[in-house]
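Q: Structure, please.
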Amino acid sequence: MFADKFQILMKKLGFNNKTLASCAGLDPSSLSRLRSGSRVLPADSVTVVKLLHGLFVYADDTGKTDELCSLTGADPDSGESAIREAISSWLYEGHSTDSGSGKDHPVSARKRASRKQFGDRFNVVMEISGLSNIALSRKAHVDPSLISRYRAGVRSPISNPEMAKLISSTLFRQIESAGRLEKLSGLMNVRTDLIDESFFAEWLCTPEHQKDESITSAEKLLGAFESMLIPHEMTIPEDIDILSEPFDESKNTYEGYEGLREAVIRFLKTAAREHAPELLLYSNQSMDWMTGDPLFLRKWSLHMAACVKSGVRIRIIHNIDRNLDEMNRAIISWLPLYISGMIEPYYCTLSSGSLFSRTLFLYPGHACINASLVAGTEDHGTYAYETSAPALDELLIQFNGMINHSKPLAEITSSDKTLIPRGDMYIIQPMPSLLSMPENVAKDLDSEIIKERWSQIHDHFVSSFEYRVYECVTLQEKEDDPKDTGYIESIPGSRKITYTKDAYKDHLRNIISLMNSYPGYRLIELPEMPFLNMQLIISEDFVRIIRTDEPVISFTFTHPLMCHAFVNYAEKLTGHYKTDRKSTVARLKELIG
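A: From the prediction side, this is the model:
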């Protein structure tokens, strides 16, 4: 029986639910149901396909491929596809592997459609439509490189519903007007008369991870980093003298969101005009008061820029109870200000509960916006504008009490320091990293900053490979420029340096050596980089995002929810493109020549 054989695999290979689920990209509860035998899924179901891949990955990572093949009757030299097929045959011996799904039922079509990655579906639909990358990009008003990354499968529009709707609508209308719905029907495996624009959009843009909001959240935040223009200094349009606008200094209470907005503008004007040394900000209420009104958001941004230009430092405590979407909205709203170096973001490690919301915006010794309200009533609540010394002293004590239970949310610097996670690590960048660079290549580099960084990393070399290290890169083909290849890993504070061909080949040789010496180290080849001009280091301890455009800026986040979301994103990406060790080594040897 399937469940009995699954138990045999667990005992023989020595994995547990959590370990295998991580390799397979599945929830551990799905594996528990398979183990119990409460349900035997078809062999071509999404869960089982992922399970087979996870079994192969686990065996390949831990050096137990021979044991797995011996048990299931597979040929160890036959490659992943044949080994997975053998595992499936062994597990399902005595079971029917037919899914029994019908062609014409739209619900069945939706279920079958989800078995393919977005990139696979999108690429074939593009071919049916007859549109080129450039033609679709013009119709959708996006860069052609983004369409290329969609086709390669390294990006999807799932985190941007408006983009997903625009692209699916454009493609469907093109296919319909070209009289190619029959071809689309064959691809979707559903009758032509059942296909409409809405059904097509759901089929094309509903991903396998549709229920995992953390992956979508990570992609959305990375998209904001990619598209963000980094100012060298905070700027305010010359024709707007925002600080000269008058406000009522006699008011001490403000009502609802409109009142809060009025109070905040008064608060920021006062701080900017008086060149306040510091502002202390905390709020765990919904951000709708700020982001729900685009005109106010613009006004808020200008006043915050005025504060920064006036030399005002800002300490803000974000609330750990915020969900990922709210965290994203907060971070994206604050990104341009973070770059200034005048913002210190924190997150409070104590839960604030869900019954009450608290807002505390403090200009020590001068003014404070203060409110404690029942959650959900903020748009009807009263916000006090405190200016009396005793009240301000008491509110400062309260803010400092929160700071004592807070940790830095992000570190934004133009320099970089070495961070080594205490667990699995994912490196996602265009070229191989300094971690896998051989010593001879590092010594020959014409950059003292990069040499120093390489030495720091290799001081922790062995501890890095105690865990899994996945290095996700795009590789240069042999027919590329005969003299130089791409840039060495970007380091904040260092100019860009290119590899020589010989140095690049030495790096690839060292990667082969690492893969043979350290079971946990793997190179993952990506067809294209999912996000341009960006390097990522992802772990459960921290997430580092390095913008490689000038000026090079490093962002390091430590919020546990954000780290978990990025790990889920990295696991999905590596799971889609990871090949077995032998195939990877063969590919590297082919490039070395």
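Q: Can you list phi and psi of the residue nearest the centre of the chain for me?
A: With distances taken as Cα atoms, centre = their mean, residue 218 lies nearest the centre of the chain, 2.9 Å away. Dihedral pair for residue 218: phi -60, psi -40, per degrees, to the nearest 10.
Q: need the contact list for the residue lying closest to it once chain neighbours are set aside.
A: Once flanking residues are discounted, residue 218 sits nearest to residue 569: 3.9 Å by Cβ to Cβ, 6 or more residues apart in numbering. (C-beta placed from N, C-alpha, C; glycine too.) By Cβ atoms under 8 Å, 6 or more residues apart in numbering, residue 569 lies in contact with 214, 215, 218, 219, 538.
Q: any weak-confidence spans in the stretch 201-350 of the chain?
A: Low-confidence segments of the stretch 201-350 of the chain (pLDDT under 70): 206-212, 229-242, 320-321, 323.
Q: quick one: pLDDT of the residue nearest to residue 444 when sequence neighbours are not counted?
A: Closest residue in space to residue 444, ignoring its immediate chain neighbours: residue 503 at 6.7 Å, by Cβ to Cβ, 6+ apart. If you check residue 503, the pLDDT there is 90.
Q: quick one: contacts of the helix or strand hosting residue 503?
A: Assessed by DSSP states H and E, residue 503 sits inside helix 501-517. Helix 501-517 is contacted by residues 432, 436-438, 440-441, 444, 465, 471, 475-476, 482-485, 499, 521-523, 581, 584-585, 588-589, 591-593 when judged by Cβ under 8 Å, 6+ apart.
Q: Show me which positions of that helix end up buried.
A: 501, 503, 504, 505, 506, 507, 508, 510, 511, 512, 514, 515 (16 or more other Cβ atoms under 10 Å).
Q: same question, stretch 362-381
A: For stretch 362-381, by 16+ other Cβ under 10 Å, it's 362-364, 366-371, 373, 378-379, 381.
Q: before we move on, back to that, so who does the residue nearest to the centre of the chain touch?
A: 562, 565, 566, 568, 569.
Q: The second one: how many residues sit nearby?
A: As a burial measure, residue 565 scores 26 neighbours (other Cβ atoms under 10 Å).
Q: now the strand or helix carrying it, how far from the chain's geometric center?
A: Assigned by DSSP H and E, residue 565 falls within helix 560-577. Computed by Cα atoms, centre = their mean, to the nearest Å, the chain-centroid distance of helix 560-577 equals 7 Å.
Q: any idea which helix or strand comes after it?
A: helix 581-592.
Q: how much does that following helix deviate in direction from helix 501-517?
A: Per axes from the mean of the first three to the mean of the last three Cα atoms, to 10 degrees, the angle that helix 581-592 makes with helix 501-517 is 170 degrees.
Q: Which residues does helix 581-592 contact?
A: Contacts of helix 581-592 (Cβ under 8 Å, 6+ apart): 60, 77, 79-80, 475-478, 505, 508-509, 511-512, 515-516, 522-523, 525, 579.
Q: is it true that residue 362 touches residue 394?
A: No. With contacts counted by Cβ atoms under 8 Å, residue 362 stays clear of residue 394, the gap being 10.7 Å.
Q: follow-up on the earlier one: which ones among the contacts of residue 569 map onto helices?
A: 214, 215, 218, 219 (DSSP state H).
Q: wait, the second one sits on residue 567?
A: Going back to what we said before, that points to residue 215. No. With contact defined as Cβ under 8 Å, residue 215 does not count as touching residue 567 (9.9 Å).
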